[in-house]
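> Here is a sequence with its predicted model. Questions after.
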Amino acid sequence: MSARVILVTGGNGGLGQAIARAFLNESPENIVWLGVRNKRNLADALAAEFPGRCQCIELDVTKSEAWRATIDKIVHTHQRIDVLVNNAGRHADSLVANLPRESWDDVLASNLDGTFFGCQSVLPTMVVQKHGRIINISSLSALLAPAGQANYAAAKAGVIALTQSLAKEVARIGITVNAVCPGYIETEALASLPHDKRSVAFNRIPMRRFGRPEEVACAVRFLACPEAGYITGSVLKIDGGIL
Amino acid sequence: MENGSELRARLKTLMVDNLMLQVTANEIGDDQPLFGPGSIGLDSVDALQLVVALDKHFGLKVPDQSAAKEILQSVNSMARAIEAAGKG
């Protein structure tokens, strides 16, 4: 497999770290950029582990101008970008009756606007290349729409619709766009759940275990590989059999 | 700076190559509409590719939809825009 240039947003999170590591381990020629915002200690550590092949870049995914600067820098450095993984996002759970407007806006902005800006920013380069892979991290919440996650579920469902619509637009240009829907994965978000909620979640999983970030990363890496060239507009759930 | 007919020929070749058209460059008329009835049958995805190709090959920026509507009417309209911008 030839060298590829990959941007993973949310590079300091557990999922982002696993995805980046999967690409770094895939080929010694792969170059990975980690989009980071407030926290970057883990991303910096990963970059230090792979000097010259992994670096962090400040990126507020909710700002289109930040995206433009990021993609300009990557393309200026490597003259290409092969893979974009839109992984950044946050959640702020609450029942709709109590959901503050700012939580609605913030979750929609980080998950949906961020994915939109990311897709839009890489398109000019990928169109010229006539090649590109975009993998958007959605969530099982988009399909389950659980109570208390209206903002997050709506945003992630929007990510799926965006993925499928864009996939049709750019299919004949050689760009694939797919979504991944992780279920309960052992990340910071799951760790932050109270014990009783973790137990409820656990009991819903037919495999009777939480997923590992590496298992999501593996699926992302597959969707980005040349052999997955005929897969586009797909929504791949990784949930231990919940749905 | 290439002359007008060379520029138009180059644009037609670029379209056939980039948009995978089922016609040859010679079959595209200078004033033939690119979109709509009687056109060579381009669609919005082709327009996206054309905008990117004009920038890449000629340095011509198509900043918004109204400019795109103006410039992407025909080979002639594209050539005029390139010439007006001194990019040909």
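Good, I have the coordinates.

> residues in contact with A:Pro182?
Residues in contact with A:Pro182 (CB atoms under 8 Å, 6 or more residues apart in numbering or on different chains) are A:15, A:137, A:139-140, A:211, A:216, A:237-239. C-betas here are computed from N, CA, C, even on glycine.

> Show the pLDDT at it.
The model reports A:Pro182 with a pLDDT of 98.

> for A:Gln129, same thing?
92.

> excluding its backbone neighbours, what's nearest it?
A:Arg80 (6.0 Å; CB to CB, 6 or more residues apart in numbering or on different chains).

> repeat for A:Lys156
Closest to A:Lys156 by CB to CB, 6+ apart is A:Ala142, at 3.7 Å.

> Which secondary structure elements does whichever strand or helix holds that neighbour sit against?
Following DSSP states H and E, one finds A:Ala142 within helix A:140-144. Packing contacts for helix A:140-144, counted by 3 or more CB pairs under 8 Å, 6 or more residues apart in numbering or on different chains; DSSP states H and E, involve helix A:150-170, strand A:175-182.

> Okay, and the closest residue to chain A within chain B sits in which element?
Closest contact between chain B and chain A, by CB to the nearest CB, is at B:Val52 (4.5 Å). Here B:Val52, judged by DSSP H and E, is contained in helix B:44-58.

> For chain A, what lies in contact range of chain B?
A:123-124, A:127-128, A:169-170, A:172-173 (CB under 8 Å from any CB of the partner chain).

> ok, of those residues, which one's closest to chain B?
The closest of the residues of chain A next to chain B to chain B turns out to be A:Val127 (CB to the nearest CB; 4.5 Å).

> can you map out the helices along chain A?
Ranges of helices in chain A, per DSSP state H, are A:14-26, A:41-49, A:64-78, A:101-108, A:114-129, A:140-144, A:150-170, A:188-191, A:195-203, A:213-224.

> Surely B:Glu2 is in contact with B:Arg10?
Yes: counting by CB atoms under 8 Å, B:Glu2 touches B:Arg10, with 7.0 Å between them.

> Just the buried residues of the very next helix or strand once past the helix holding B:Val52, please?
Once the chain leaves helix B:44-58, the next helix or strand it forms, by DSSP H and E, is helix B:65-71. When neighbours are counted by 16 or more other CB atoms under 10 Å in any protein chain shown, the buried residues of helix B:65-71 are found to be B:68, B:71.

> Next secondary structure after helix B:65-71?
Scanning onward from helix B:65-71 (DSSP H and E), the first element met is helix B:75-84.

> Report the angle between that following helix and helix B:44-58.
30 degrees (axes from the mean of the first three to the mean of the last three CA atoms, to 10 degrees).

> Identify all contacting residues around helix B:75-84.
By CB under 8 Å, 6+ apart, the surrounding residues in contact with helix B:75-84 are B:4, B:7-8, B:11-12, B:15, B:28-32, B:34, B:50, B:54, B:58, B:60, B:70-72, B:88.
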